[in-house]
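Asker: sequence-free structure coming up:
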C-alpha cells in the first residue's frame, strides 16, 4: 500500500479512535503560543518587539489548505506567493522573494533549491506545521543576509521541546473540490519520565485544478512525507534531541509540459542547556544536514531532462544572558552554513556546480531607556561562493556583509503600544545572480548572472502601532520604507532567445532574456489588520475583521521594480459560540499597473472566502469538522508576482472539507 493511502486510512481510523476516547482525556485545543520563537533568541511576549511578528496557527493552516507555505500564509498582511505551480509557490514578503526571504524549519534552513528557480518547490509541507511565524524588518538579522526581506519559520514538535506524560496526537482528513484533492495527516507525541518521542506523516493527492476558464493543464500535485524524533530531558530544564525527516513530491509545471519529481532526507539535532539564573543562563545548539534532489521529466518519454542536487549543512549556537549592567537581557550567537549545489543534464547549461560557505556572528540586546524599551541587533558574516559564470572561467567571490538594527517601543497607554525601528541590512549576491549562464526551461528564461555584483544594502525605517480593544479586540499596523543601494534583480529585456542564447526583439525563440544587474531602488508600504468585538447575537459573539496591505517599489531615476504584489483591502465578520465558529472575508485586490520592462499588467479582482467550524461533541472539543470556501466568486486571477502569469490562471472556486481530531 502506498504511503499516502496509508496516511489517509490512518487519519480516518484515528478520527474514529478519538471519538471513542474517554471523555476525560486531555483537551489539546492548542491555541497559538504567546511566545515568539523566530524574531529573537530572547523569546517572550511578541508585543515587546518594535516590529510585528505574525503567527499562523495550526487551525489556520488547515483552513487555508494548499501544498505550499505561500498558501498557508494567504491572509497575512504583506505576504504573497510566487504562484508558479501548485507545488512551487514561494512566499513573497513586501515585494521581495527568493534570495531575500529565508525559509526555515525550526530555525534551520529549508535546504532546497527554491531560490534557484520559481518552478522549484519547498520540501516543507504546511501540513507538517504546528505554527508558522513570519518575521519582517530588522528582526531578520538573526538569519543572515539571505533574509533581508523576511523569514518564514515552520515550527513543529519533531524534536520534542517539553516532556510529555502519556500519549497525545492529532489526525486529519480533508477533501477539496477545486483539484479533487485528498489529504491526510497523523501526528503522535509520547513520553515517560525524561524521554519524549514524536512521529508524524502526511499524504496529499491533487489533480489539475479548475479555473473559471477550465482546467489548468499540468497543475497536479502528489506529495507525502514522514518524520520521527526524540528528546531526553535532564537537570534543570535542559534537553538534547534529534529527528529525521523524509519528503517527496511530484508536481506539474502549468506553463510547461514537464513535471518535477523531488525528494529530501534531513537530519536535525537540537539541544538547550540551562546554566542557572546568573549572567549566562542558557546555551541553545541547533544543527541539521539535508540531502535534496529533484528531476525535471518529459512526461511523454519519461526522460530526465535536468537534475538539481543540494547538500547543505546548517548550524547555530546561541548563548543567552540575564541582566547585565544596563541590559535587561542579551544573546550572542554564531552560525555556520555549507551548501554544495550541482545540476546535471540540461540543468548544467543553466548553472554549473557552486559551493557556498558562510560563517556569522550576531548579537541581540534589550534594555529599558527611560519610558522606552530598546532592542538592538548586529550581525557580521563572511560568505565565500565558488562557481562558473558565462565566461567559463571558475570564479570565487568573497563578501563580508554587516547589518545592524535599533528598535524602540513606547507604551502610550495601557492599550496603545508604539514602535520604531531603524536598520541597515546588507546582503551578499546569491549563486544564481552571480553565475546563471543559460536556458532555464521551467520559467522559460535565458538567464545571465554577473560575477561582479556588489553587496546589496537596505537602509530602512519602520513605525508600528498596536492597540488593544478590550480583552479580545486588537488593531495592528505598520508603515515602512527602505532605500536599497545596489538592489539586485532579474531584468527582462523584452527579447526572446533560443537554447543557444541567440536573442533578438520579436525573435522566434521561446525563452525570455533575463539579465541580473544592480540599481538603487526605493520600497515603501503599509500593512494593517484589526479584529474587534461587535455584539452578542443568536447565542454567540459577533466580531469584525479588517485586513489590508500595499507595496510600492521604484528604481532611483525612474522605472518600476518588476513583479511586485498588488495592494489589497477588505474585511469580514466572525461569529462564534461554544460549538460553532463561522466567518467570511472579502478582499478587493487591486490591478498591478506598475510593472517592469516586458512584464504584463494584471487586473484586479475580489477574493471571497468563508468558513464554518463545528465541534459536534461538547465533551470532546478536540473533534472538529471544518467547511471552507476559497475564491467563492470564481474570479479569474493572474498572479502579478509570477513569471508565468501570461499563461497560467490561478485556482478558481474551491470548497474544502476537513475532519480534525485531537486526542
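Answerer: All right, it came through fine. Fair warning: this is a prediction, and the values are worked out from it, not measured in the lab. Numbering: from 1, shown residues only.

Asker: Run through the residues that contact the most centrally placed residue in the chain.
Answerer: Nearest residue to the geometric centre of the chain (C-alpha atoms, centre = their mean): residue 152, 3.7 Å. With contacts defined as C-beta atoms under 8 Å, 6 or more residues apart in numbering, residue 152 is in contact with 69, 73, 91, 93, 101-104, 132-134. From N, CA and C alone the C-beta is placed, and that goes for glycine too.

Asker: Wait, a strand at it?
Answerer: Yes. Judged by DSSP: H, G, I helix; E, B strand; the rest coil, residue 152 forms part of a strand.

Asker: any idea how far it lies from residue 632?
Answerer: Distance, residue 152 to residue 632, using C-beta to C-beta, to the nearest Å: 27 Å.

Asker: Please name the nearest non-neighbouring residue to residue 46.
Answerer: Spatial nearest neighbour of residue 46, excluding adjacent residues (C-beta to C-beta, 6 or more residues apart in numbering): residue 36 at 4.3 Å.

Asker: before we move on, back to that, out of the contacts of residue 152, which are inside helices?
Answerer: Those of these mapping onto helices are residue 69, per DSSP state H.

Asker: Residue 222: which of the contacts of residue 152 is nearest?
Answerer: Of all the contacts of residue 152, residue 222 sits closest to residue 69, with 17.8 Å by C-beta to C-beta.

Asker: tally of neighbours for the closest one?
Answerer: For residue 69, the tally of surrounding residues (other C-beta atoms under 10 Å) stands at 28.

Asker: quick one: it and residue 130, what's the gap?
Answerer: Using C-beta to C-beta, residue 69 is found at 14 Å from residue 130.

Asker: Repeat that for residue 121.
Answerer: For residue 121, the distance to residue 130 equals 21 Å [C-beta to C-beta].

Asker: More neighbours: those two, which one.
Answerer: Between residue 121 and residue 130, residue 121 has the larger neighbour count (other C-beta under 10 Å), namely 29 against 18.

Asker: Hmm, residue 70 and the more buried one touching each other?
Answerer: No. Residue 121 is not in contact with residue 70 according to C-beta atoms under 8 Å; the separation is 10.7 Å.

Asker: Against the centre of this protein, work out the most remote residue.
Answerer: Going by C-alpha atoms, centre = their mean, the residue of the chain most distant from its centre is residue 538, 38.3 Å out.

Asker: tell me which element the closest residue to that residue other than its chain neighbours is part of?
Answerer: Spatially, and ignoring its direct neighbours in sequence, residue 538 is nearest to residue 575 (7.6 Å; C-beta to C-beta, 6+ apart). Assigned by DSSP states H and E, residue 575 belongs to strand 568-576.

Asker: Let me see the mean pLDDT of that strand.
Answerer: For strand 568-576, mean pLDDT rounds to 97.

Asker: Can you give me the buried ones in that strand?
Answerer: Of all the residues in strand 568-576, those buried under the rule 16 or more other C-beta atoms under 10 Å are 568, 570-572, 574-575.

Asker: on that earlier part again, distance check, the residue nearest to residue 538 against residue 556.
Answerer: 49 Å.

Asker: If I look at residue 12, what pLDDT would I see?
Answerer: At residue 12, pLDDT is 38.

Asker: Could you list the low-confidence segments of this protein?
Answerer: Residues of the chain that meet the criterion pLDDT under 70 lie in 1-34.

Asker: what about the helices in it?
Answerer: Applying DSSP H to the chain gives helices spanning 3-20, 58-64, 69-72, 347-350, 431-435.

Asker: burial count for residue 298?
Answerer: 12.

Asker: Looking at this structure, which strand is longest?
Answerer: strand 511-537 (DSSP state E).

Asker: Quick one: work out the angle between that one and strand 568-576.
Answerer: Put simply, strand 511-537 runs at 40 degrees to strand 568-576, going by axes from the mean of the first three to the mean of the last three C-alpha atoms, to 10 degrees.

Asker: Quickly run through the sheet partners of strand 511-537, with directions.
Answerer: Sheet pairing of strand 511-537 (DSSP bridges) gives strand 445-448 (parallel), strand 473-497 (antiparallel), strand 540-555 (antiparallel).

Asker: Save those as JSON lines, and put in mean neighbour count and distance to residue 581 too.
Answerer: Output for the strands paired with strand 511-537, formatted as JSON lines (neighbours: other C-beta atoms under 10 Å; distance: least, C-beta to C-beta, whole Å):
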{"stretch": "strand 445-448", "mean neighbour count": "24", "distance to residue 581": "44"}
{"stretch": "strand 473-497", "mean neighbour count": "19", "distance to residue 581": "17"}
{"stretch": "strand 540-555", "mean neighbour count": "18", "distance to residue 581": "9"}
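
Asker: Dump those into a markdown table; add distance to residue 113 as well.
Answerer: Listed next are these as a markdown table, based on distance: least, C-beta to C-beta, whole Å:
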| stretch | distance to residue 113 |
| --- | --- |
| strand 445-448 | 14 |
| strand 473-497 | 16 |
| strand 540-555 | 26 |
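
Asker: Between these, which one is closest to residue 428.
Answerer: With C-beta to C-beta as the measure, strand 473-497 is the member of those nearest residue 428 (9.7 Å).

Asker: what about the closest one, distance to the chain center?
Answerer: With C-alpha atoms, centre = their mean, to the nearest Å as the basis, strand 473-497 stands 17 Å off its chain's centre.

Asker: now swap in stretch 271-288 and tell me
Answerer: The chain centroid and the centroid of stretch 271-288 are separated by 27 Å under C-alpha atoms, centre = their mean.

Asker: Run through who's touching it.
Answerer: 41, 106-109, 111, 235-241, 266-270, 313-322, 324.

Asker: Got a PyMOL select line for the buried ones in those residues?
Answerer: Per 16+ other C-beta under 10 Å, the buried members of the contacts of stretch 271-288 correspond to this PyMOL selection:
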select buried, resi 41+106+107+108+109+111+239+240+241+266+268+269+270+313+314+315+316+318+319+320+321+322
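
Asker: What about the contacts of stretch 271-288, which are in strands?
Answerer: Counting by DSSP E, the part of the contacts of stretch 271-288 found in strands is 108-109, 238-241, 266-270, 313-321.

Asker: Quick one: the strands in the stretch 551-663 of the chain, in order.
Answerer: 568-576, 580-589, 605-614, 623-630, 654-662 (DSSP state E, counting those that start in this stretch).
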